[in-house]
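**Student:** predicted structure and sequence below. I'll ask about it afterward.
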Amino acid sequence: MLFHVKMTVKLPLDMDPAKAAQLKADEKELAQRLQQEGKWRHLWRIAGHYANYSVFDLPSVEALHDTLLQLPLFPYMDIEIDGLCRHPSSIHSDDR
Ligand SMILES: O=C(O)C[C@H]1C=CC(=O)O1
């Protein structure tokens, strides 16, 4: 199943810079692992915002939920999710 996910990061302004840097480093490591595993298909920065548009390829809503909960920045993100299905006018034979 494909999911379009918008993540908006809202770190507290008074967060210790070292803690913020560690959270971002941990997030990057997990994000890159999930991309290598084919679970996090797309990761795009939204220009002008500390936010991203992502596409996840996971077997269920529960798997998406569990994956998002693992993200180190999860407690500091607003997350919006849309489930994706094939468009009848799409010329692509697969879901890429
Ligand atoms: O920077 C972000 O958009 C938040 C998050 C998503 C991947 C990552 O490395 O950080």
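**Tutor:** Now that the structure is in, tell me what you want to look at.

**Student:** looking at strand pairing, list the partners for the most centrally placed residue in the chain.
**Tutor:** Centroid-nearest residue in the chain: S54, 4.9 Å away (criterion: C-alpha atoms, centre = their mean). On the basis of DSSP bridges, S54 is bridged to V5, L43.

**Student:** which parts of the chain sit against the ligand?
**Tutor:** M7, V9, E27, K28, A31, L43, N52, L73 (C-beta under 6 Å from any ligand atom). For every residue, glycine as well, the C-beta is placed using N, CA and C.

**Student:** of these, just the buried ones, ChimeraX syntax please.
**Tutor:** The following ChimeraX line selects those of those that are buried, judged by 16 or more other C-beta atoms under 10 Å:
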select :7,27,31,43,52,73
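
**Student:** residues near W40, how many?
**Tutor:** 20 (other C-beta atoms under 10 Å).

**Student:** tell me which element the closest residue to it other than its chain neighbours falls in.
**Tutor:** Closest residue in space to W40, ignoring its immediate chain neighbours: L34 at 4.0 Å, by C-beta to C-beta, 6 or more residues apart in numbering. Per DSSP states H and E, L34 falls inside helix 17-36.

**Student:** now do I81
**Tutor:** Using DSSP H and E, I81 falls in strand 77-84.

**Student:** can you pull out the low-pLDDT segments for this structure?
**Tutor:** Along the chain, segments meeting pLDDT under 70 span 94-96.

**Student:** does V55 touch M1 like I think?
**Tutor:** No. Using C-beta atoms under 8 Å, V55 is not in contact with M1, being 10.9 Å away.

**Student:** what do those two both touch?
**Tutor:** L84 (C-beta atoms under 8 Å, 6 or more residues apart in numbering).

**Student:** contacting residues for the residue nearest to H49 when sequence neighbours are not counted?
**Tutor:** Excluding its sequence neighbours, the residue lying closest to H49 (C-beta to C-beta, 6+ apart) is T8, at 6.9 Å. Contacts of T8 were listed using C-beta under 8 Å, 6+ apart, and they are H49, Y50, A51, M77, D78, I79.
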